[in-house]
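Chemist: I'd like to go over a predicted model; first the sequence, then the structure.
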Amino acid sequence: MRLVTRVFPLLVAAACAKPKPQSSIPMPTPPLLPAETPPADPRVGLKAGWMNAGQAAWNLRLVSATPPSSLFVDMNQPGNFEYINSDLAFTGPYVVQGNFHGFQIWDISRPDRPALVTAYVCPGAQNDVSVYRKLLFVSVESLNGRVDCGVQGVPDSTSPARMRGVRIFDIRDVARPKLIANVQTCRGSHTHTLVTDPRDTSVVYLYVSGGAPVRSPTELPGCSALRPDQDPNSDQFRIEVIRVPLAHPEQAKVVGKPAILSGLTQAATHGEAAADVAAAAHRAAAARARGAYTVTVHGMEHVVPPEFVDALLDSMVKAKRGPAAGPPTAADSAALRAVIQAIVDSLMNPPAGPNGVRPGPEQCHDITVYPGIGLAAGACAGYGLLLDIHDAAHPRRIGAVADSNFSYWHSATFSRDGSRVLFSDEWGGGLQPRCRASDKPEWGADALFTRTDSTLKFASYYKLPAPQSAQENCVAHNGSLIPVPGRDIMVQGWYQGGISVFDWTDPAHPKEIAFFDRGPMDATQLQGAGSWSAYWYNGYVVSSEIARGLDVLELTPNALLSQNEIDAAKLARVDLLNVQDQQPLTWAASFTVARAYLDQLARTNGLAAGEVAATRDDLARAEGLAGTARHDALTQTAARLRADAAGAPDAAKVRTLAATVTDLAGPT
């Protein structure tokens, strides 16, 4: 999520809120729908509400919906920006849920009844999280983050008390996390990606993406906001790499700043919808009448958050009258009002280089790594990047793609074999309604690419197919693969668009196969809520609901996804999951996996119906045998499938099924 707009991605002040009572409002159960695509989409027109909103589900069942801890919700204002739930990471039976106010750790060994283990207050949005062994890593970018996790904020424009970077916690005792290091970075950490190094298991790396302006060297020595042609050590157009020695994580430090964005030029993008421009102008005019500051960005007028104004005024006053200067005067406010547009222009539109061409993005939003194939995909504002990470400490760009239908390249996912890449577009920054019937389907969507070596070729877009209301923030956001063998199936959060599960095995023809959705928080105005992240973890979909807590869901069998395929996905179990660190998916040979492939061949007519039926019978008979009898039966079935593959419409999958049956037969 980019906070409010891409101009103000980090400026959310912390509040000293007293704990409020936890909600005990019961969760309604949505009606389950038939396996066929619903003729009239039930997501349209759902009743508004906080914990009692209307719900619709298709091929997904809500197992539990757990409200946030009392420390992480404002009962008087459920959509309070200071308590937004953010990303998820998993270790053993636990899920760590980031929140702008800190993080929560839940025990989900009982998916129908998640239990809160700890609620750790430590403001510093976004507080995105990852885990490795007994370490927890937390991203901090906002100006209110403190090195001591205090809730009082940091009022000064520069201060040694400010924390912007990555916190490291020891979670050997998950009920009592211990802060062991604050690794400061020059641009803070909007997100980070944990990177395992196959060549060195004694360390992990963190690729830090920070969307904020470069910090003053007065606050963090060594930071430079000068252009690279003015300072070769500039922090522009770079990410930061943190090396974490696992034996001594307290010694973690920044070890490199690879210039993966260097040399890119400003990419074409689209403007905003005319209705949104007009509505923004109306809101801005009303705010100006109340004395607020406004600026225009890409043709749309925005109200400047007070936190941004206060920080600029503080900096301006101290620059003019010294560190001991008093509070800003009316003249100071007038002076800032005269130059604030120019300040924002300098942030949003960097000056052209020596060749007269404007440079491309200065930072990435999110990077997904796939160490097993030595590649990473960077979603970097105006571009999607392909990186070589064989040397994990020194990632380098090997490819880049732009798309004028994209507003803000937000996140990335590789297909299981790495031959395809999905990028999401966070048009509107995450807190705007961008799934309305009037919105273009190729805006705020996923873009699917095929990959050949370092070249990415566009295949198609996928966007949530159900229109959402103007009271629901909705755009493509975070998701993960579901480990169904033989298919690339994605589960993805769309904020108040809910959760969508879709098949993109054929990247030119993605197809939705399941969904879950709630109505808006409020029927009359937009309040931020919805699924920030929806990830598959050991048999369940776990969703971080921005305002409503933690959801656990499970897939139900249907014409588009069989019980065998769901059961096969459940066999791919892991002890650790950081979605942005993709690991190879493997399945032990089993009758379940074989039947999953057979179900796919039957669904797509990839093998003649008679052969499908015969193979089903063979597998059922062999499963009742043992020893040599089972081996011989399965070997015969595998031989017949190899022969059938020559004339089958889906020869490749038939051969895969034959190989699975051979593995299942085992040695003589």
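Modeler: The structure has been received and is ready for your questions. Numbers count the residues shown, from 1 in each chain.
Chemist: tell me which strands and helices the helix or strand of the chain with the lowest mean pLDDT is in contact with?
Modeler: When each helix and strand of the chain is scored by mean pLDDT, DSSP states H and E, helix 306-321 comes last, with a mean of 85. Using 3 or more CB pairs under 8 Å, 6 or more residues apart in numbering; DSSP states H and E, the elements in contact with helix 306-321 are helix 330-348. Quick note: C-beta positions are derived from backbone N, CA and C, even for glycine.
Chemist: Buried ones in the least confident helix or strand of the chain, by neighbour count?
Modeler: 307-314, 316-317 (16 or more other CB atoms under 10 Å).
Chemist: And stretch 214-221, by the same measure?
Modeler: 214-215, 219-220.
Chemist: Widest-spaced pair of these?
Modeler: Longest distance between any two of those is 10.4 Å, between Val214 and Glu219; criterion CB to CB.
Chemist: residues making contact with the least confident helix or strand of the chain?
Modeler: Applying CB atoms under 8 Å, 6 or more residues apart in numbering, the external contacts of helix 306-321 come out as 8, 11-13, 143-144, 155-158, 293, 325-328, 332-333, 335-336, 340, 343.
Chemist: do the same with stretch 346-356
Modeler: For stretch 346-356, the external contacting residues (CB under 8 Å, 6+ apart) are 6-7, 213, 227, 229, 236, 297-298, 358-359, 362.
Chemist: rerun at 6 Å
Modeler: Here stretch 346-356 makes contact (CB atoms under 6 Å, 6 or more residues apart in numbering) with 297, 358-359.
Chemist: Need those residues in JSON lines (columns: neighbour count).
Modeler: Shown next, in JSON lines, are those (neighbours: other CB atoms under 10 Å):
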{"residue": "Val297", "neighbour count": "19"}
{"residue": "Arg358", "neighbour count": "12"}
{"residue": "Pro359", "neighbour count": "20"}
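Chemist: Just give me the closest of those residues to Asp581.
Modeler: Among the contacts of stretch 346-356, Pro359 lies closest to Asp581 (CB to CB), at 29.3 Å.
Chemist: any idea how far that closest one is from Val579?
Modeler: Taking CB to CB, to the nearest Å as the measure, Pro359 falls 30 Å from Val579.
Chemist: Asn127 too?
Modeler: Plainly put, Asn127 is 16 Å away from Val579 if you go by CB to CB.
Chemist: more neighbours, those two?
Modeler: The residue with more neighbours, out of Asn127 and Val579, is Asn127; 28 against 22, by other CB atoms under 10 Å.
Chemist: distance of that one from Glu301?
Modeler: 30 Å.
Chemist: Check Arg655 too.
Modeler: Counting by CB to CB, the gap from Arg655 to Glu301 is 59 Å.
Chemist: Quick check: phi and psi at Asn182.
Modeler: When read as degrees, to the nearest 10, the backbone of Asn182 gives phi -120, psi 110.
Chemist: which ones are touching it?
Modeler: 147, 163, 167.
Chemist: Give me the spatial nearest neighbour of the first one, chain neighbours excluded.
Modeler: The one in question is Val147. Leaving aside its chain neighbours, Val147 sits nearest to Met163 (4.6 Å; criterion: CB to CB, 6 or more residues apart in numbering).
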